[in-house]
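*Asks:* output the structure for:
(chains A and B)
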Number of protein chains: 2
Amino acid sequence: MNNKQVVLASRPTGAVTAENFRLVETPLGKPGAGEVLVRNEWLSLDPYMRGRMSDAKSYAKGVELGEVMVGQTVGEVLESGDASFKPGEKVLTPLGWQLAGIAKAADLTKVDASRVPASYFLGILGMPGITAWFGLHEIGQPKAGDTLVVSAASGAVGSVVGQLGKIAGCRVVGIAGGKAKCDYVRDELGFDAVVDYKAGKFDEDLRAAVPKGVDIYFDNVGGPILDAMLGRMRLFSRIVVCGLISEYSATEAYGIKRIRAILVNRIKMQGMIVFDWKDRYGEAIAGLAGHLAAGRLKYRESVTEGLENAPQAFMGLLKGENFGKQLVRL
Amino acid sequence: MNNKQVVLASRPTGAVTAENFRLVETPLGKPGAGEVLVRNEWLSLDPYMRGRMSDAKSYAKGVELGEVMVGQTVGEVLESGDASFKPGEKVLTPLGWQLAGIAKAADLTKVDASRVPASYFLGILGMPGITAWFGLHEIGQPKAGDTLVVSAASGAVGSVVGQLGKIAGCRVVGIAGGKAKCDYVRDELGFDAVVDYKAGKFDEDLRAAVPKGVDIYFDNVGGPILDAMLGRMRLFSRIVVCGLISEYSATEAYGIKRIRAILVNRIKMQGMIVFDWKDRYGEAIAGLAGHLAAGRLKYRESVTEGLENAPQAFMGLLKGENFGKQLVRL
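*Replies:* Purely as a prediction, here's the structure:
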C-alpha cells in the first residue's frame, strides 16, 4: 500500500507559498511491536504550523526539509502491534500531513466519537478548545462583569474563548475580519459586540465597542491590533498572549509602542502554550464537553477536501480566509 | 516669613528644559486646625516626576501649570495645628519642590532618624526601596539560582533590587551607563556582573553576561534595552515593568519588536507601582531596615545643594547623570 504525504520542500521567507510544500508518494510499512498503523481521516490546520516551517528557535523544534509537515489528525486504526489498540478504533494522532502513518502506541489517544463527530477532537474538544479553556481561565481570570476582548474571534480558539467568557458572566467583544465573520460572532456565537478590523476605522470602532475599557484581552494576532488594545486596557487588566498570527508571515516584526500602558495600568501580559497544562487536559475536555452537550457552545468547521489541497487551505488560514476551525478531510 | 517654590512653568515636549520651571517667592501662612507647617530639609527627585509634568493620562493626575512641582520631602515640624505632631519632629511629606509648606496632618508620616539619616526615608527606606522590595518579591518571585538582571542598576531602585536578589540567592547582573557606575555596581554593591550600555556593544556584552538566559528582568528603562532583554528571557521568566526612563523624554515611543518571545517562552510581563502595596509598606520598611542594620545593603546618595538647582539636578537624573539616589538639600 502506498502513502501520500505533504513534506516541507523549502522554508518560507515572509508569506508561505505553494513552493514550500511537496506532495510525495511513499511506501507504507507494517507496524512493529508497540506500533499502530492509522488511516488518517481528518487533518487539523493551525497557525502554529507556520512557526514549525521556520528554523528559528521556538517552543518546539522546526520541521526538517523533506520531513512530513507536523500536525494532529484523527483517524482509524488499520493494523495494530499493540494490545491496547484494535482495528476500527478512532484515535487522535501526531501523524501530520499524510493519508496514513505508523505511530507509537504511546503517542495515540483514543477518542469517543459516539456522541460528537471525531473531528471535534481536533477543535473544540482538542488543542484549540483546551487552549481557550486554560488561557482564559488561568491567565485571563474572568470575573462576572469583566469586559473581555478576543481577536480572531471566529476562529477555533477565539470562538471558544468568547463563549466561555459569556458563560463566566463577562461582556464579550470580538475582533474579526469582514462582515460575514462579524455577523457570525455576534449573531450566532452571542458575543455582545464585534469590531471588524477590515472596516478601516479600527481605533474608533474599538473605542465605541469598549467605552469603559477592557479587563481581559485574549490575543491571537499581535501586531497593530495588540498595540491598539494596550491603549484600551484598564487598571490591573490581563493580556493572554496566545498567538501572533499577524507576525507569522512578516519578514520584520511590528514594533509595539504602547508599552507605557503596561506600567501605568499595571497590566499583566503573559504568554501561553497549551502544553503548559498537559497534565490537566482531561479537566478542560470534561468542562468543554459539558458545555457542548448543554448547548452552551457553538462550533463551526471549515472543511477542505483532499490532502493535495492542504497547502492552499493552510495559506488561506494564515490570511484569515477560513471561517471556523480549519480541517482537511483526507 | 517668605517661602520659595519651584512651579511648573510649561509642559515639556521631549526633553525637560530649564524653561519648564520657575522659581517663585510666596508668602507662607499659618497652619490651621489639623495642619502642620514643615520646613523641608531634603527633596527627593525621581523619574516619575517627568510623567507628572505631562497632561497625558497616567496613574496620577499631572501637575497644573503654575503649581508647585510634586515630590516627597523630609523636614522638620516648625508649627503644628494638630496634637499628634510637635515642633522639632522629623516628618515625611508630600510638599514637593519648596522650602517649606503647610500640610494636612493626615498626609504626614513621622520618621525615626535616630538610627539612620532622615534622608534615607526618601530612598532605601522610602518609595524607591519599597518599590524594589515588592516589585522583586511579588512580581519577580526570585528563587535561589535564578538569574536576575536589573537596569539602572546604580539607581535608587535598581541598586536595592540587585542587592535583594543576592540575598535571595540569585545570580545578579546589572545594566548601567559608564565605567564609574559599572565599577560601583560590581565592586561595591556586589553584583555578579555588569553590562555597560554605553560601551557600544550591548547585545554582545549582555549575551556574555547571561549565557544561560534570564529568569527575572527588573526593568527601569524600557526601550531598546527591554527589547534586547526579551531576546534573553528563559522559559516561564518574569519581567517587572517598573520604569521606562528611556521613554519619558522621547517624543515618539520606541517600538518593541520581540513580543514573540513572550509567547514562545511564556514570559509574564507585569507593570507595577509602589502604591499597589500601600497597605503593606511597613513590611517592606521593616525588611529593608533589618538588612541595612545587618550591613547587607549598601546605599549611595547623590546630593545637589539648594532648591534653585533642583531643575538642573532633575534634568541630569533623566539623562542618567546622577549616581545613586538623587536628593536636593534645601
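*Asks:* which residues of the stretch 101-250 of chain A lie near chain B?
*Replies:* A:G222, A:L226, A:V241, A:C242, A:G243, A:L244, A:E247 (C-beta under 8 Å from any C-beta of the partner chain). All C-beta atoms are positioned from the backbone trio N, CA, C, and that covers glycine.
*Asks:* out of those, flag the one nearest to B:N309.
*Replies:* Comparing these against B:N309 with C-beta to C-beta places A:L226 closest, at 43.1 Å.
*Asks:* check the secondary structure at that closest one for me.
*Replies:* Counting by DSSP: H, G, I helix; E, B strand; the rest coil, the backbone at A:L226 sits in helix.
*Asks:* and A:D196, its phi and psi?
*Replies:* phi -90, psi 110 (degrees, to the nearest 10).
*Asks:* who is it paired with across the strands?
*Replies:* A:A176 (DSSP bridges).
*Asks:* thought it was touching A:A180?
*Replies:* No. Using C-beta atoms under 8 Å as the test, A:D196 is too far from A:A180 to be in contact (10.2 Å).
*Asks:* ok, those two, which is more surrounded?
*Replies:* The residue with more neighbours, out of A:D196 and A:A180, is A:D196; 19 against 11, by other C-beta atoms under 10 Å in any protein chain shown.
*Asks:* check what pLDDT the more buried one gets.
*Replies:* Predicted confidence (pLDDT) for A:D196: 98.
*Asks:* same deal with the one 3 residues further on?
*Replies:* Looking at A:A199, its pLDDT is 95.
*Asks:* what of A:N322?
*Replies:* Reported pLDDT for A:N322: 86.
*Asks:* what's the spacing between the residue of the stretch 201-330 of chain A found nearest chain B and A:N220?
*Replies:* For the stretch 201-330 of chain A, the residue positioned closest to chain B under C-beta to the nearest C-beta is A:G255, at a distance of 1.8 Å. Separation of A:G255 from A:N220 (C-beta to C-beta, to the nearest Å): 19 Å.
*Asks:* the two: which is more packed in?
*Replies:* The residue with more neighbours, out of A:G255 and A:N220, is A:N220; 27 against 17, by other C-beta under 10 Å.
*Asks:* can you check the pLDDT for that one?
*Replies:* As predicted, A:N220 sits at a pLDDT of 96.
*Asks:* next one: A:A60
*Replies:* pLDDT, A:A60: 78.
*Asks:* repeat for A:G126
*Replies:* Confidence score, pLDDT, at A:G126: 95.
*Asks:* again with A:M1
*Replies:* For A:M1, the pLDDT comes out at 68.
*Asks:* got it, and A:K143?
*Replies:* 98.
*Asks:* give me the neighbour count for it.
*Replies:* By other C-beta under 10 Å, neighbour count at A:K143 equals 11.
*Asks:* equivalent analysis for A:G316, please.
*Replies:* 17.
*Asks:* and it, what does it touch?
*Replies:* If a contact means C-beta atoms under 8 Å, 6 or more residues apart in numbering or on different chains, then A:G316 has A:N322, A:Q326 as its contacts.
*Asks:* please apply the same query to A:Y184.
*Replies:* Taking C-beta under 8 Å, 6+ apart, one finds A:S154, A:A176, A:R300, A:F323 in contact with A:Y184.
*Asks:* how is chain A divided into domains?
*Replies:* A:2-123+A:300-329, A:127-275 (automatic domain parsing).
*Asks:* the helices in the stretch 1-150 of chain A, which residues?
*Replies:* In the stretch 1-150 of chain A, the segments counted as helices under DSSP state H, counting those that start in this stretch are A:48-52, A:127-134.
*Asks:* can you redo these as CSV with distance to B:L263?
*Replies:* Formatted as CSV, the helices of the stretch 1-150 of chain A follow (distance: least, C-beta to C-beta, whole Å):
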stretch, distance to B:L263
helix A:48-52, 9
helix A:127-134, 12
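*Asks:* which stretch among those approaches A:G81 most closely?
*Replies:* Taking the helices of the stretch 1-150 of chain A one by one with C-beta to C-beta, helix A:127-134 is closest: 26.7 Å.
*Asks:* rewinding a little: let me know which of the domains of chain A is tucked in deepest.
*Replies:* Comparing the domains of chain A on average neighbours per residue, with mean count of other C-beta atoms under 10 Å in any protein chain shown, the densest one is domain A:127-275 at a mean of 22.
*Asks:* what number of residues lie near the closest residue to A:I167 other than its chain neighbours?
*Replies:* Excluding the flanking residues, the one nearest A:I167 by C-beta to C-beta, 6 or more residues apart in numbering or on different chains is A:R296, at 6.0 Å. Counted with other C-beta under 10 Å, residues neighbouring A:R296 total 14.
*Asks:* doesn't A:D279 make contact with A:I130?
*Replies:* No. The criterion here is C-beta under 8 Å, and A:I130 misses it with A:D279 at 11.9 Å.
*Asks:* quick check on A:K298: phi, psi?
*Replies:* phi -100, psi 160.
*Asks:* A:K90 against A:L78, yeah?
*Replies:* No. Between A:K90 and A:L78 there is no contact under C-beta under 8 Å: 12.0 Å.
*Asks:* what do these two both touch?
*Replies:* Jointly contacting A:K90 and A:L78 under the rule C-beta under 8 Å, 6+ apart is no residue at all.
*Asks:* ok, now which ones touch the residue nearest the centre of chain A?
*Replies:* Centroid check for chain A by C-alpha atoms, centre = their mean gives A:P128 as the closest residue, at 4.4 Å. Contacts of A:P128 were listed using C-beta under 8 Å, 6+ apart, and they are A:D46, A:L122, A:G155, A:A156, A:V157, A:V160, A:K325.
*Asks:* check the gap between A:S154 and chain B for me.
*Replies:* 21 Å (C-beta to the nearest C-beta, to the nearest Å).
*Asks:* ok, and the closest non-adjacent residue to that residue?
*Replies:* Excluding the flanking residues, the one nearest A:S154 by C-beta to C-beta, 6+ apart is A:K181, at 4.2 Å.
*Asks:* that neighbour should be in a helix, yeah?
*Replies:* Yes. Counting by three-state DSSP, one finds A:K181 located in a helix.
*Asks:* and it, how far is that from chain B?
*Replies:* Counting by C-beta to the nearest C-beta, the gap from A:K181 to chain B is 23 Å.
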